[in-house]
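Undergrad: what follows is a predicted structure for the sequence shown.
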Amino acid sequence: MASTRTTALPMQTDVLIVGAGPAGLTLAAGLTQLGVDHVLIERADSVQPGAKAAFVQPRALEYLDRVGVADRLVAAGIRGHHFSVHDGARTLLRGSYDNLDTPFPMMLLVSQQTTEEHLNRRLTELGGMVHRRHKLITFSPDFPGVTAAVAAPDGSVRAVYARYLIGADGVYSRVRSTAGIAFPGKAREQLFALADVRLEPGSASVLEDTTFFFSSEGMLLTSPLADGQHRVVASVPPGSKAPTAEETETLLATRGPRQGGPKVVEVITASTYHVQERVAERLSDGPVFLLGDAAHTHSPAGGQGMNTGIQDAGNLAWKLHAVLTGFAPEGLLDTYHGERHPVASGLVAFTSQITSLATMRDPELCRRRNDIIAAAAKAPGITDWLARRLSQLDISYATEPADGTYHVGQRVSPALVPAAGLDWNLALPNPSTGPTESGRTGPLNFQFVDGLETPLLIRPDGYLAAHGVPTDPHAVLANLASYLPGGPTR
Ligand SMILES: Cc1cc2nc3c(=O)[nH]c(=O)nc-3n(C[C@H](O)[C@H](O)[C@H](O)COP(=O)(O)OP(=O)(O)OC[C@H]3O[C@@H](n4cnc5c(N)ncnc54)[C@H](O)[C@@H]3O)c2cc1C
C-alpha cells in the first residue's frame with residue numbers, strides 16, 4: 001500500500017497504532033525507518049509531563065540505537081552506575097552496571113518526558129508523524145483487518161481501515177478491552193507514595209546510587225534523577241495523601257541512610273498509587289496486537305515497564321515489515337506473543353517478588369531477610385546476575401539452555417557485532433586472507449568481526465537468527481526466510 005504523507009487522517013493504512021507513549025512512538029519510528037505505511041494516533045495534544053519512568057536500561061538503549069535515538073538520550077541524561085540495597089546505613093548489596101557486555105553499560109537517568117520528546121523528534125526526522133488529539137473510540141473486524149472509529153479534534157468521527165491494529169494505549173487500553181482480551185492479575189492493597197524532590201545541596205551524597213532501603217518501617221526507594229532532583233518512593237499506610245516536603249523528609253530519616261537525614265528543599269511533584277500486576281492473556285488476536293502497558297503492568301520499582309514496552313515495539317516492528325512486504329508468512333506474527341508473553345510474565349513475577357520482599361514489616365522477618373540478602377550478595381556472580389536482570393540484557397528467546405555456545409534466539413551484544421540499524425546483520429569471522437570490507441546485499445548487512453568463530457545471522461532486533469550459516473552473503477540472502485523464528489532451521 002503506498003504511503004501518503006498528509007496531515008489529514010488517512011482512511012486506510014497498513015498499521016494503525018493507538019497511543020504515542022514510549023511504546024507507540026518506538027514502534028512508529030521503527031516502522032517509518034523500515035518504510036512501512038502506518039498511522040499513529042494519540043488523544044493528547046502533546047507529550048505529557050509527569051513523574052513516570054526515570055531510567056532507560058541498557059537493553060532498551062541497544063534497541064533505541066538501532067532507530068537513532070540512543071546517543072541523544074545518553075547526551076540528555078545522566079549515567080547511573082550503581083544500585084544498592086541498604087538497611088539504614090548498612091549496605092546489604094551493591095551492584096554495578098560497569099562490567100555489562102554492552103555499548104551502553106549504564107542505568108541512564110532521563111525522564112520519560114525527555115525520552116518521548118526524543119522519540120517524537122526522531123519520528124519526525126524519519127518522515128513520520130503523530131496524529132494528535134485523535135482518539136480511538138472503537139473498532140470492528142473487517143477481514144482481514146479492522147475498521148476503527150477515530151474521534152478527530154473537530155469532534156467528527158472518522159473510519160480508518162487498518163490491516164493491523166496496535167494497542168499501545170496504556171494500562172486502560174481501549175484496544176485490549178474492545179478486542180475482549182482478558183488482563184488477569186491483581187491490584188496490590190499496599191499504597192505507595194512518590195515524590196520527585198530537590199534536596200539541600202550536600203545532603204544528597206549518601207543518595208548517589210539508586211537504592212532500595214529495606215526497613216521494618218516500610219519500603220523506601222531513592223534515586224537521583226537527571227536534572228538534579230531525587231525520586232523518593234515509599235510504601236505508605238492506606239489513605240495517605242501525596243507526601244509533603246516534611247513527610248518526605250520523615251520517610252528519608254526513618255527508613256533511609258540515617259546519616260543526618262537529607263533535607264527536602266522543594267517537592268517538584270508528588271502522588272500516591274497502587275501497583276497492579278497484570279499480563280494480557282494474549283498479546284495478539286488476529287490483526288490486533290498489544291504492546292507496552294496495554295500488554296503488561298507491574299510495580300515501577302526496578303525501572304522496567306517503559307523499557308519492556310520499547311522492546312515489545314522492537315520485536316514487532318521488523319516482523320510487521322517482513323509480513324507486509326511478503327518476505328515472511330503471516331505466521332511470523334504469532335512469534336510476537338510467543339516471544340514477548342513469557343518476558344512480560346517473567347517480569348511481573350520478578351517485580352512482584354521485589355515488591356513483596358521490600359514491603360515486609362515483621363521486624364524479625366525483616367532482620368532475617370536483610371541478613372540473607374547481605375550473605376547472598378557475597379556469593380560470586382550474584383550482583384552481576386542482578387545487574388544483567390535489571391538491565392534486561394538477560395532477555396532471550398532461546399529455547400535451549402545457554403551453555404556458553406550460540407543459541408538461536410539469544411541476544412547478540414552490539415559490543416561484539418555492531419548494530420546495523422534495522423537491517424538483518426551477517427557477522428563473519430575475519431578471514432586470514434582476502435577482503436574484509438563490510439557491505440550489504442539487499443536487506444542484508446554483512447561485516448567481519450574479530451574473534452568470531454562461526455558466522456552469525458542476527459535479526460533486525462538484535463537476536464540471533466542462526467549460527468554456522470554460509471559465509472557467502474548472497475547464499476544467506478537467498479535463504480533468509482528459512483532463518484525466521486519458527487522456520488525450518490530453528
Ligand atoms: C510513578 C511511575 C514510575 C515509573 N517508573 C518507571 C521506570 O523507572 N522505568 C520504567 O521502565 N517504567 C517506569 N514506569 C512505567 C512507565 O511509565 C510505563 O511503563 C510507560 O509509560 C508505558 O508506556 P506505553 O507507551 O506502553 O503507555 P503509556 O505511556 O501509558 O502511553 C499510552 C498512550 O496512549 C494514549 N491513549 C490512550 N488511550 C487512547 C485512545 N483511546 N486513543 C488515542 N490515544 C490513546 C495515551 O494518551 C498515552 O499517551 C513508571 C510508571 C509510573 C506511574
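TA: Structure's in. What do you need? Numbers count the residues shown, from 1 in each chain.

Undergrad: can you list the strands that the one helix or strand Ala162 maps to pairs with?
TA: Per DSSP states H and E, Ala162 falls inside strand 157-167. For strand 157-167, the paired strands and their directions (DSSP bridges) are strand 12-18 (parallel), strand 145-151 (antiparallel), strand 288-290 (parallel).

Undergrad: can you list the ones you listed in a markdown table and add mean pLDDT, distance to Val417 and mean neighbour count?
TA: For every residue, glycine as well, the C-beta is placed using N, CA and C. Listed next are those as a markdown table, based on pLDDT from 0 to 100; distance: least, Cβ to Cβ, whole Å; neighbours: other Cβ atoms under 10 Å:
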| stretch | mean pLDDT | distance to Val417 | mean neighbour count |
| --- | --- | --- | --- |
| strand 12-18 | 98 | 29 | 25 |
| strand 145-151 | 98 | 36 | 20 |
| strand 288-290 | 98 | 28 | 28 |
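
Undergrad: distance to Pro435 added to those strands, as CSV?
TA: Compiled in CSV, the strands paired with strand 157-167 are given as follows (distance: least, Cβ to Cβ, whole Å):
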stretch, distance to Pro435
strand 12-18, 39
strand 145-151, 46
strand 288-290, 42
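
Undergrad: make CSV from those and add distance to the ligand to it.
TA: Written out in CSV, the entries for these read as follows (distance: least, Cβ to the nearest ligand atom, whole Å):
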stretch, distance to the ligand
strand 12-18, 5
strand 145-151, 8
strand 288-290, 9
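
Undergrad: so for Leu324, which of those sits nearest?
TA: Taking Cβ to Cβ as the criterion, strand 12-18 is the member of the strands paired with strand 157-167 that comes nearest to Leu324, at 5.4 Å.

Undergrad: so is the helix or strand following the closest one next to the ligand?
TA: Scanning forward in sequence from strand 12-18, with DSSP H and E defining helices and strands, the next element found is helix 22-34. Yes. When contact is scored as Cβ under 6 Å from any ligand atom, part of helix 22-34 falls within range of the ligand: 22-24.

Undergrad: low-confidence regions, the stretch 251-400 of the chain specifically.
TA: When the per-residue scores of the stretch 251-400 of the chain are filtered using pLDDT under 70, the ranges that remain are 259-260.

Undergrad: ok and the residue in it nearest the ligand?
TA: Residue of the stretch 251-400 of the chain nearest the ligand, by Cβ to the nearest ligand atom: Gly292 (2.1 Å).

Undergrad: need the pLDDT of the residue of the stretch 1-150 of the chain found nearest the ligand.
TA: The ligand sits closest to Gly21 of the stretch 1-150 of the chain, with a gap of 2.2 Å, by Cβ to the nearest ligand atom. In this model, Gly21 is scored at 98, pLDDT.

Undergrad: check Ala162 too.
TA: In the predicted model, Ala162 carries a pLDDT score of 98.

Undergrad: spatially nearest residue to it, not counting backbone neighbours?
TA: For Ala162, ignoring the flanking residues on the chain, the nearest one in space by Cβ to Cβ, 6 or more residues apart in numbering is Leu16 at 3.6 Å.

Undergrad: my guess is Asp45 contacts His131, does it?
TA: No. Asp45 sits out of contact with His131 when judged by Cβ atoms under 8 Å, with a separation of 11.0 Å.

Undergrad: now check the helix or strand encompassing Leu191, is it near the ligand?
TA: Of the helices and strands defined by DSSP H and E, Leu191 is found in strand 185-199. Yes. Using Cβ under 6 Å from any ligand atom as the criterion, contacts between strand 185-199 and the ligand involve Leu194.

Undergrad: direction included, what does the next helix or strand after that strand pair against?
TA: If you walk from strand 185-199 toward the C-terminus, the next helix or strand you reach (DSSP H and E) is strand 210-215. Each strand that strand 210-215 pairs with, and the sense of that pairing, follows from DSSP bridges: strand 82-87 (parallel), strand 218-224 (antiparallel).

Undergrad: ok, the residue of the stretch 1-150 of the chain closest to the ligand touching Gly167?
TA: No. Under the contact definition of Cβ under 8 Å, Gly21 does not touch Gly167, with a separation of 11.3 Å.

Undergrad: for the stretch 1-150 of the chain, which residues are neighbours of the ligand?
TA: Contact residues (Cβ under 6 Å from any ligand atom) of the stretch 1-150 of the chain with the ligand: 18-24, 41-44, 51-55, 112, 135-136.

Undergrad: what's the helix or strand for the residue in the stretch 101-250 of the chain positioned nearest to the ligand?
TA: Residue nearest to the ligand within the stretch 101-250 of the chain (Cβ to the nearest ligand atom): Gly170, separated by 2.9 Å. Counting by DSSP H and E, there is no helix or strand that carries Gly170.

Undergrad: what's the local residue count around the closest residue to it other than its chain neighbours?
TA: Beyond its immediate neighbours in the sequence, the residue positioned closest to Gly170 (Cβ to Cβ, 6+ apart) is Asp293, lying 4.8 Å away. Residues near Asp293, counting by other Cβ atoms under 10 Å, number 26.

Undergrad: give the contact list for Asp293.
TA: Applying Cβ atoms under 8 Å, 6 or more residues apart in numbering to Asp293 gives the contacts 21, 23, 170-171, 173, 305, 309.

Undergrad: and the residues you listed, which of them are buried?
TA: 21, 23, 170, 173, 305, 309 (16 or more other Cβ atoms under 10 Å).

Undergrad: quick check, the fourth one in contact with Leu290.
TA: In other words, Ser173. Yes. With contacts defined as Cβ under 8 Å, Ser173 counts as touching Leu290 at a distance of 6.6 Å.

Undergrad: tell me, what's touching the two both at once?
TA: Shared contacts of Ser173 and Leu290, defined by Cβ under 8 Å, 6+ apart, comprise Gly167.
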